[in-house]
Structures are given as C-alpha cells and as structure tokens.
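*Asks:* sequence plus the predicted model coming up.
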Amino acid sequence: PGCSVGAGMMKGTWRDRGSDGRRHHHHHHHPGWQRDYSSHRSHEQRYENSSPGTSHNVPSSPADPRSLASSSPAPDLPGFYFDPEKNRYFRLLPGHNNCNPLTREGLQKKEQEGRRVRLLEEDEKPRKKSPRVGLNSTLLFQKRHLGLMRESSYCRLIHELKVSSMKRHKLEVQSSDSSSPNTDNFKLIVADSACERVFTVNDVEHGGCKYGIMNFRGCSEGSLSVEMCDNLYFTNRKVNSICWASVTHSDSHVLLCLVGIAQTPGCVSLLPASLFSNSNPDQPGMLCSFKISTAWSCAWCLNPQADKNFSTGLSRRVIVTDAVTGRRQTYGISSDVLAQQFALRAPVLYNGCRSGEIFSIDLRQRARRGNGWKGSRFYQESAITSVRILHDENYLLAADMLGKIKLWDLRMSKAVQQYEGHHNEHAYLPLHVNEPEGLLLAVGQDCYTRMWSLGDGRLLRTIPSPHPAGKDSIPSVVFSSQLGGRRGLPGLLMAVCQDLYYFPYNSDYQDGSLSAESKRD
C-alpha cells in the first residue's frame, strides 16, 4: 500500500477554488454532407441541433458552482495518485517495481475497466432516450403521413432509433463437431456482399491462426442461427488482410494476405469458398497462391474493364495482378500502403498510406511513367487504416491512427465532414459503412464500438465491449439490415475473444437455434 500525504493536502486545497474549476465547452459546426441531406435539413432542424447521444448519455442540467467544483477532478501531482473514494492522495512507486500495486498504468487500466463495467450495466437497461432530443417513432410517422418529411429522411431516422435500442444477445455457433467448441479468440470477421456468409480468422495458442466460414440464416421464429463450416484451415502465418473475391460468380473466393514467418515466405492466397465445406459435391474451383510477400492490404476489382484483377498494398509498392493470367503491374510509391478499395463504376483504385497520403490509381492509364498515374491526392495527419468509397463515388471515408475519421469530397479533394469520438493510436482498424441506413461504424482501440450518422456526423451509440479491453480483445463487427441474406434480420454482429454476439433491431428478440432436423431439411 502507498503512504498517504498530510491531511492538509487532502482537504480544502483544490475544491475551494469554486467556480474556477468550471469547464467551458465550445461546439464546432462541421459542414454537412451535401449530397442527400441538405435539401431536407429544414424539416429536421430541431433534431440536427440537439446534442449528440450515446448509449450512456444523461441529460445535462444546470448546476451551481459548488456542485461543479465538487465534481471536478483533483489536480495531478507528480508522483501521487488521488483516490476519489477515500478522498486522499497516495504515493506512486516506480512502475518497474513488480511488488508495487500502485502504478499509473495499472490505475488507469483499473479506472477504464470500472467505466466499462458501469457502461455495460447501463447498456443492459431498457433504453428510452433517443439519439436526438425529441425524436420518436410516433412523431416521425406523423411527419411522413402529413408529407413533412421525405421517405429517405424517415428511413434514416428510424434506423437511428433502432440502433439506439439494440440489446446484446449471445449466439451459439452450431457445428457438425459439437465435441470441439471454439476455444480460440476471434481476430477478424468479414461478411460477403449478401451477408449470408462470414469469413472468420481466429488466433491459435501455439501461434499462427485458423480460418473458415460461418453461415447465417434468419429463422421463421425471428431468431438468427449460425453454423460453422465443416473444414477449418490452419496456418503458422499471420493474416494481414482479407477480402471476398468474385472469380466464377459473386463472392466465389476469398483473398488472403499471409505474412511470412521464419523459413516460410509470405504470399497472397485465393481460396474458393466451397473449399470450406465437406458437404459440397462440386469441385472446389480455382485455388491459387501468388508470391507476394508482406502485403499490408488487398482489394478485388468488380469493374468489367479490369475483370478478375486484384491489388495488394506493400512497402513502397502497389501491385495489381490478373488472377487468371498472373500478369502484374507494379507502381512504386514512397510509403507503405495500409488500406485499399476499388471503385465500381471505373477501374480506379484508392490507396491509404502510412504517411497519411490518400491517392488513386486509374488502371486504364498504366502506360504513364513517373507519378503521372496518380489521380486524386490528399492527406490526413497520420497513417491511414481504412478507406471506404461511397456509392456515387464522389465521396470517400478515411480513418487514421490519430483516431480521425473524415469524409472527403473527391471532386475538390476537401474534407467536408468529421466523425468525433473514435479512438486509435497504432492499430489497424477498419471502417464499416451502411449507406442505405445512413450509418457509419468503427471499433476503437479502446474496444468501444461507435455508430455515427453518416449524413451529419452525429454520434448515435457507443457500445462497450462485453470483455475487458486489451490489444488482443478488440471486437470485430459486421452490420447489416439483412444478416442471413434476403430473408435475414437487421442488426449488429460482434465477435470478441471466443464469443459471438448479436444486437438485433427487434426489442422482443428471442434467442433460438436450428434444430438438427431443420438443418437437414
């Protein structure tokens, strides 16, 4: 235990300052996303000007100077820690002392864990507050019925209400081998375009990882069932990046970037999805391995002008490869490429670099030399971890390692919106965009899942992790209005540690799973 400082320090020294401890908050207005939402902003002005809401916000109320002073934090003193429960300071010993229970890092971790537990308890309570003050489904229905609100605005705000009331349910993963439950931590989950299948990557104890496919179905009784594929594949190499690939048909394959280890070189593997099921009588299809070592990122092109082409982002290089012929085109750059995505309407590849640069490559201009092939080019303040192109391909979302998420207008190379609250310092964390629902999601390095309004950047929901935060327990998520395909259910899928959770729109959701008989049918 630490030794306490004199009583004169623990009483009447910092709280007597009264109103000097007040904080002043300045609200900054960011320009709105001009494409879909500016035309009907007048109908929603009362909602747009309300304060941001999260799953744990409480309404602010006026407070007198005494209450402000009593709730203000104690000042930091070098070498000391203030315990608010005991209302006194304790001396901090050097952090390398293994016998010392009081180190600044340990105390910060304890405080963060206490906050997570409190928010988790609040998150389990029935939610009555909407993400925007005065917003409720009855009022929205009346406005739409009277013609005071566009259909697109109505749908977007209904989605905001639904995500604010989602509650967590644990999913039981069905498997043909029920004797071997999942004992390995989820590292990454990525859904196909229909959200019927989710490719999973799990870390294994002895190093390396295993990967496979989970199949989802919406049941007739309104529950979501999940079944793990028969075949799981193991590798002693680390998976850096994955994406679904359309070789013979939509999402027929999975593209994996594997990092080399010891005498085993890295490579990029193109695996048929049918490879992961013993029950599939068809041939597994084309299986390829490309000698591309230490790829940070990958992307598959769906534009017919670059059919069956994929890209890989490496250290100071971008390689575009034809998956059928093996023909390559290499682009030399000055930084590591950590994030990539192809546009759909044109064979244009967008890249995010460790230097903070974001640039595009038009594959139709391969003959240009030097840097003449670079199209759009702009910068953020830190290493780019994710880039996402919106449907009209005039806007791009980018996240970096300072926790900044920005919406860029590609026509002007200008940031037009910023999404506050994301936390990242050095992790590779993706963005998830659901444009029809008007939602943006990201999991932070602090293990909180945050949801914003894509249109105005308002923070709608902050979901604490069901497990203690740690670098090996950052959740991986999938969000869709049709989890399980066309007849699927809307909601959020979260994989963290060894568990899989589902946050449904339906507040009356009942846990359920397919029986063995129904699975055979």
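*Replies:* Now that the structure is in, tell me what you want to look at. Keep in mind that what you see is a predicted model, and the values were worked out from it rather than measured.

*Asks:* so the residue nearest the centre of the chain bridges to which residues?
*Replies:* Nearest to the geometric centre of the chain sits residue 442, at 2.9 Å (Cα atoms, centre = their mean). Counting by DSSP bridges, residue 442 is bridged to residue 431, residue 450.

*Asks:* contacts only, for it.
*Replies:* 386, 399, 405, 419, 422, 429, 430, 431, 432, 449, 450 (Cβ atoms under 8 Å, 6 or more residues apart in numbering). In this view, the C-beta of every residue, glycine as well, is placed from N, C-alpha and C.

*Asks:* next up, phi/psi of the nearest residue in space to residue 402 that is not next to it in sequence, please.
*Replies:* Nearest non-adjacent residue to residue 402, counting by Cβ to Cβ, 6 or more residues apart in numbering: residue 382, 4.1 Å away. Main-chain torsions, residue 382, degrees, to the nearest 10: phi -150, psi -180.

*Asks:* flag the shaky bits of the chain, pLDDT-wise.
*Replies:* Along the chain, segments meeting pLDDT under 70 span 1-72, 93-102, 127-128, 176-182, 220, 278-286, 366-372, 510-521.

*Asks:* for it, what's the longest helix?
*Replies:* helix 104-124 (DSSP state H).

*Asks:* for the helix or strand just after it, name the packing helices and strands.
*Replies:* With elements assigned by DSSP states H and E, the helix or strand that comes after helix 104-124 is helix 137-145. The contact analysis (3 or more Cβ pairs under 8 Å, 6 or more residues apart in numbering; DSSP states H and E) places helix 137-145 against helix 151-164.

*Asks:* residues touching the closest residue to residue 250 other than its chain neighbours, list them.
*Replies:* In this structure, residue 250 finds its nearest non-sequential neighbour in residue 193, 6.3 Å apart by Cβ to Cβ, 6+ apart. With contacts defined as Cβ under 8 Å, 6+ apart, residue 193 is in contact with 244, 250, 251.

*Asks:* now, which of those sits nearest residue 227?
*Replies:* Comparing the contacts of residue 193 against residue 227 with Cβ to Cβ places residue 251 closest, at 17.5 Å.

*Asks:* how about the residue nearest to residue 402, what does it touch?
*Replies:* So residue 382 contacts 356, 400, 401, 402, 404 (Cβ under 8 Å, 6+ apart).

*Asks:* among the residues you listed, name the buried ones.
*Replies:* 356, 400, 401, 404 (16 or more other Cβ atoms under 10 Å).

*Asks:* so of these, which ones are in strands?
*Replies:* Secondary structure from DSSP state E places residue 400 of the buried ones among the contacts of residue 382 in strands.

*Asks:* could you dump the buried ones among the contacts of residue 382 to CSV with distance to residue 174?
*Replies:* What follows is the buried ones among the contacts of residue 382, written out as CSV (distance: Cβ to Cβ, whole Å):
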residue, distance to residue 174
356, 44
400, 39
401, 38
404, 40
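
*Asks:* closest one to residue 123 out of the buried ones among the contacts of residue 382, please.
*Replies:* Nearest to residue 123 among the buried ones among the contacts of residue 382 is residue 404, at 25.8 Å by Cβ to Cβ.

*Asks:* residue contacts, that closest one?
*Replies:* 380, 381, 382, 418, 422 are the contacts of residue 404 under Cβ under 8 Å, 6+ apart.
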